[in-house]
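Asks: predicted model, plus sequence, below.
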Amino acid sequence: MAERLSADQWGAYWKNRTITSFHGAFAQNYDGPVKAYWETQFSGLQTNARLLDLGTGNGALALLAAQYAHDHGLDFQITGIDFSDIHPLELQSENPLLKNIHFVGNTPMERTGLETGSQDFIMSQFGFEYGDRQASLREIKRLLTPEGGIFVAMIHHQDSAVLKQAREALQQIRQCEKSGLAEISEQLVGLQQQVAENRPLTASQQQQAQQLQRQLAQGIDKLNRYARQLKEPSHVQMFTHNLMQLFDRRNAAHITPQQRKQAISLLRRENDDYRRR
């Protein structure tokens, strides 16, 4: 089984002010059939039902529940738990109903610390499968009200549209890595660093810098042409946009070589994290 992201890595992802775990999709929150399915589940709950969202992330599913309650005059008591450091309230300006949800980060679903029999409805949207399933099921059983408690989870399956999208995103990541642009950028920044330290480039290094600049421009152009063939090229666009911004002459006075080096390192790390996610 592929290595999964740690709590720190997921925490870094949630700092990106995204509501869901899908890069380049569901920008405003889950919609379509996914949203309709959960609304069907919420429709059978009492007005003051207590809901728990496991693996809540930045609260996408919990927010759907809060929106449903708001639209139907219900008073759901909603808690969202995640094992990483989450940042849902940073999205409150775009999603005011997040304030109606009690979020608990750095808390595993296997050991929530919540009171026994305290939840009427426990749910999970692409989160349950990331925990220890047997331990999580024992905890869910403990938390549900003895009579009438419900647990519903939507999980990945091999042929789902979600995994199809993930595979397409992985292809984009591979194309970005195959381009070698991160390595070219790092070499170019190394030469820029030398100039910034008042160490003049040799004639050979000046020639190398010119060659690297051509390779960078050609590589970005090639990736952009590849992106135009895709239905949802968000990852390639993010990758090329960031590189273009780093080396845009208009930004030269505002970005130091060290900052460029850090940005390229972050771009590499985000690629790696997305692959495992």
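Replies: Perfect, thanks for sending it.

Asks: ok, now how distant is residue 222 from residue 131?
Replies: Using Cβ to Cβ, to the nearest Å, we find residue 222 at a distance of 41 Å from residue 131. The C-beta positions use only the backbone N, C-alpha and C, and glycine is treated the same way.

Asks: can you give me the strands in the stretch 1-150 of the chain?
Replies: Along the stretch 1-150 of the chain, the stretches classed as strands by DSSP state E, counting those that start in this stretch are 50-54, 77-81, 101-104, 121-125, 150-154.

Asks: if we can go back for a sec, of residue 222 and residue 131, who's got more company?
Replies: Counted by other Cβ atoms under 10 Å, residue 222 and residue 131 do not tie: residue 131 has more neighbours, with 18 against 14.

Asks: which non-adjacent residue is nearest the more buried one?
Replies: residue 109 (4.7 Å; Cβ to Cβ, 6 or more residues apart in numbering).

Asks: I'd like the mean pLDDT over stretch 258-267, please.
Replies: The average of the pLDDT scores along stretch 258-267 is 90.

Asks: pull out the buried positions in stretch 144-159.
Replies: By neighbour count with 16 or more other Cβ atoms under 10 Å, stretch 144-159 contains the buried residues 144, 149, 150, 151, 153, 154.

Asks: then that stretch to CSV, C-alphas only?
Replies: Output in CSV follows, covering the C-alpha atoms of stretch 144-159 (Å, rounded to 0.1, in the frame of the first residue of the first chain):
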residue,chain,number,x,y,z
LEU,A,144,-24.0,6.4,18.5
THR,A,145,-27.2,6.7,20.5
PRO,A,146,-28.2,3.2,21.6
GLU,A,147,-31.4,3.3,19.6
GLY,A,148,-31.7,4.8,16.1
GLY,A,149,-28.1,6.0,15.8
ILE,A,150,-26.9,6.0,12.2
PHE,A,151,-23.5,5.8,10.5
VAL,A,152,-23.1,6.7,6.8
ALA,A,153,-19.8,6.9,5.0
MET,A,154,-19.0,7.7,1.4
ILE,A,155,-15.6,6.1,0.4
HIS,A,156,-13.5,5.8,-2.6
HIS,A,157,-13.9,2.8,-5.0
GLN,A,158,-11.8,1.8,-7.9
ASP,A,159,-14.0,3.0,-10.7
